[in-house]
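J.: Have a look at this fold, sequence not included:
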């Protein structure tokens, strides 16, 4: 069923004729079965037209580091209100707070509150070394369903003591930079 919203309550989802429910949340468009009255603030982009903005779903998500690595605008913990249509990538940590904040950001965008912003995807950075706790894996899967593309990046230990943009880029980070570079070239 196109436009299925895994976060909507049962009263907001149309009945399904067959027992198989196809989740196609990745094709959501602004305003599709979503309503929200709060979320990240929306801030004027001050005439900047950088083409890509990095939006932190929460404080400490790494938006400044990713903005510098991507040569993109740093919207901080807010959505840009662009002069013309622009693209944005949301950044969050893989902690409970980070995943919940990424979920709120996706709902806010899907509700149509973030006019003029095309959502590119979510960069989900590990909040600690090692595997993600099992109780967060399902939440990560649900949150990922709301984004067109999700990049999961392992814990970057060298970013703790060095500026991310002044350290060599590992293969995982390089893949994100390459993917987003290709997306930026798309018309």
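T.: In hand now; what should we look at? Just so it is clear, the structure is predicted and the values come from calculations on it, not from any experiment.
J.: Could I get the contacting residues of residue 74?
T.: 53-54, 63-64, 67-68 (CB atoms under 8 Å, 6 or more residues apart in numbering). All C-beta atoms are positioned from the backbone trio N, CA, C, and that covers glycine.
J.: Quick one: find the helix or strand in this structure with the lowest mean pLDDT.
T.: Counting by mean pLDDT, DSSP states H and E, the chain has its least confident helix or strand at helix 158-161, which shows a mean of 74.
J.: for it, which positions count as buried?
T.: By 16 or more other CB atoms under 10 Å, the buried positions in helix 158-161 come out as residue 159.
J.: give me the low-pLDDT residue ranges for the protein?
T.: Flagging of the chain using pLDDT under 70 yields the residue ranges 1-37, 46-49, 162-165, 187.
J.: can you map out the helices along it?
T.: Taking DSSP state H as the criterion, the chain carries its helices at 63-70, 96-110, 134-144, 158-161, 171-185.
J.: distance between the ends of stretch 62-80?
T.: 17 Å (CA to CA, to the nearest Å).
J.: how far does it sit from the chain's center?
T.: Distance of stretch 62-80 from the chain centroid (CA atoms, centre = their mean, to the nearest Å) equals 12 Å.
J.: now the helices of the chain in a markdown table, with distance to residue 118?
T.: Shown next, in a markdown table, are those (distance: least, CB to CB, whole Å):
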| stretch | distance to residue 118 |
| --- | --- |
| helix 63-70 | 15 |
| helix 96-110 | 9 |
| helix 134-144 | 18 |
| helix 158-161 | 28 |
| helix 171-185 | 10 |
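J.: Mind checking the ones you listed for the one nearest to residue 41?
T.: Across the helices of the chain, residue 41 has its closest neighbour in helix 96-110 (10.2 Å, CB to CB).
J.: just checking, what packs against the closest one?
T.: strand 79-81, strand 86-93, strand 117-125, helix 134-144 (3 or more CB pairs under 8 Å, 6 or more residues apart in numbering; DSSP states H and E).
J.: Could you check the angle the third one makes with helix 134-144?
T.: Relative orientation of strand 117-125 with respect to helix 134-144: 160 degrees, computed using axes from the mean of the first three to the mean of the last three CA atoms, to 10 degrees.
J.: Give me the contacts around stretch 95-105.
T.: 7, 36, 39-40, 55, 57-58, 61, 79, 90, 92, 122, 124, 127, 136, 139-140, 142-143, 146-147.
J.: And the residues you listed, which of them are buried?
T.: Buried members of the contacts of stretch 95-105, counted by 16+ other CB under 10 Å: 7, 39-40, 55, 57-58, 61, 79, 90, 92, 122, 124, 127, 136, 139-140, 143, 146-147.
J.: Report how many residues lie close to the closest residue to residue 60 other than its chain neighbours.
T.: Residue nearest to residue 60 in three dimensions, not counting chain neighbours: residue 93, with 6.8 Å by CB to CB, 6 or more residues apart in numbering. Residue 93 has 23 neighbours, counted by other CB atoms under 10 Å.
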